[in-house]
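S.K.: mind folding the following:
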Amino acid sequence: MSESLAAKAAPKTRLKVWRRATQVLGAAVLGQWSLYGILRCPFVVPYVSCQNCPVITCHGRLLPMYWGFWLALPASLLLFGRAFCGWACPGGLAVSLAGQLAPFGRAVVGRMSRLFRWTATGKYLALAGCLYVYYALGQPRVDVPIRVGAFFQAAALTFEHAMPLWLWRTGAVLGFFVLGLALAGAWCRFACPTGGALELLKGASLFKVYKTSACNGCGKCATVCEMATRPEETNCTNCGDCLDSCPVDAIGLGRKPREAGRS
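M.R.: A predicted model of the protein is given here:
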């Protein structure tokens, strides 16, 4: 029996290895753009106005990078829901690593999220704020980038000369990342506007990690999940870490069978 369980868990273990590999690849491809978006982008909402940006060293000005990302992201949403967050996002990887050090780990923060459900609205408010700034305020440029040779020296000058709106935006982003050193996954759970958009639309995805009607609500899947949630529920990123955790084999991966949702 134990050999059978080990054989069954093997492909799921390989899935986790592949996820770590794609996270590292995502950081290698998108990491520079991510840092520039937070610390050097002169616009309030980063990553969406790259072709009009004067920071010529940012990878977002590369057409294959910019259009490749903005075509791949909705495609990944339609296929795999919020999987970008758990499989490719550089910020998601940074949050995950910081969460390993957090004194209030994922289990504690998961219980807090379930007790105070209003905290889940934070990322939707952040998304609404981004949409307001982009469409109602016209995506203002609130910094005039100063060219210097070193990235962090340029970032320091940005903090010195940027307008208050840029400082508030950047301070909020960095603040949630720092908070993640105490509360595991704070940025992804409570503040990421991209995560909020994907969360709202992930139900339309073709493939997902899902629960079947055999689920008895034991919660063991949440104890191994980086977001301390259960399949298909709020903040599930289709990471697949929970696939071999269920004692009644009530978790599947792929197209959800119609009969799986019946009680």
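S.K.: contacts and neighbour counts: CA atoms only from here.
M.R.: Fine.
S.K.: by mean pLDDT, flag the weakest helix or strand of the chain.
M.R.: helix 106-115 (a mean of 71; mean pLDDT, DSSP states H and E).
S.K.: which strands or helices does that one pack on?
M.R.: helix 220-224 (3 or more Cα pairs under 8 Å, 6 or more residues apart in numbering; DSSP states H and E).
S.K.: buried sites along the helix it packs on?
M.R.: By 16 or more other Cα atoms under 10 Å, the buried positions in helix 220-224 come out as 221, 222, 223, 224.
S.K.: chain center to it: distance?
M.R.: 19 Å (Cα atoms, centre = their mean, to the nearest Å).
S.K.: same question, stretch 63-79
M.R.: 15 Å.
S.K.: run through who's touching that stretch.
M.R.: Stretch 63-79 has contacts (Cα atoms under 8 Å, 6 or more residues apart in numbering) with 50, 59-60, 82-84, 198, 201-202, 204-207.
S.K.: out of the residues you listed, which are buried?
M.R.: Counted by 16+ other Cα under 10 Å, the contacts of stretch 63-79 give 50, 59, 60, 82, 83, 84, 198, 202, 205, 207 as buried.
S.K.: nearest to residue 118, of those?
M.R.: Comparing those against residue 118 with Cα to Cα places residue 198 closest, at 18.1 Å.
S.K.: angles on the backbone of the residue nearest in space to the middle of the chain, please.
M.R.: For the chain, the residue nearest the mean C-alpha position is residue 85 (3.3 Å; Cα atoms, centre = their mean). For residue 85, the backbone dihedrals are phi -60, psi -40 (criterion: degrees, to the nearest 10).
S.K.: contact partners for it?
M.R.: Per Cα under 8 Å, 6+ apart, neighbours of residue 85: 92, 195, 237.
S.K.: ok so, going back, just how off-centre is the helix or strand just after the least confident helix or strand of the chain within its chain?
M.R.: As assigned by DSSP states H and E, the chain's next helix or strand after helix 106-115 is helix 122-131. The chain centroid and the centroid of helix 122-131 are separated by 14 Å under Cα atoms, centre = their mean.
S.K.: re the thing from before, how near is the residue nearest to the centre of the chain to residue 216?
M.R.: Separation of residue 85 from residue 216 (Cα to Cα, to the nearest Å): 27 Å.
S.K.: ok, residue 32 - contacts?
M.R.: Per Cα under 8 Å, 6+ apart, neighbours of residue 32: 58, 59.
S.K.: secondary structure element for it?
M.R.: helix 2-39.
S.K.: for that helix, what does the pLDDT average out to?
M.R.: Taken as a whole, helix 2-39 has a mean pLDDT of 80.
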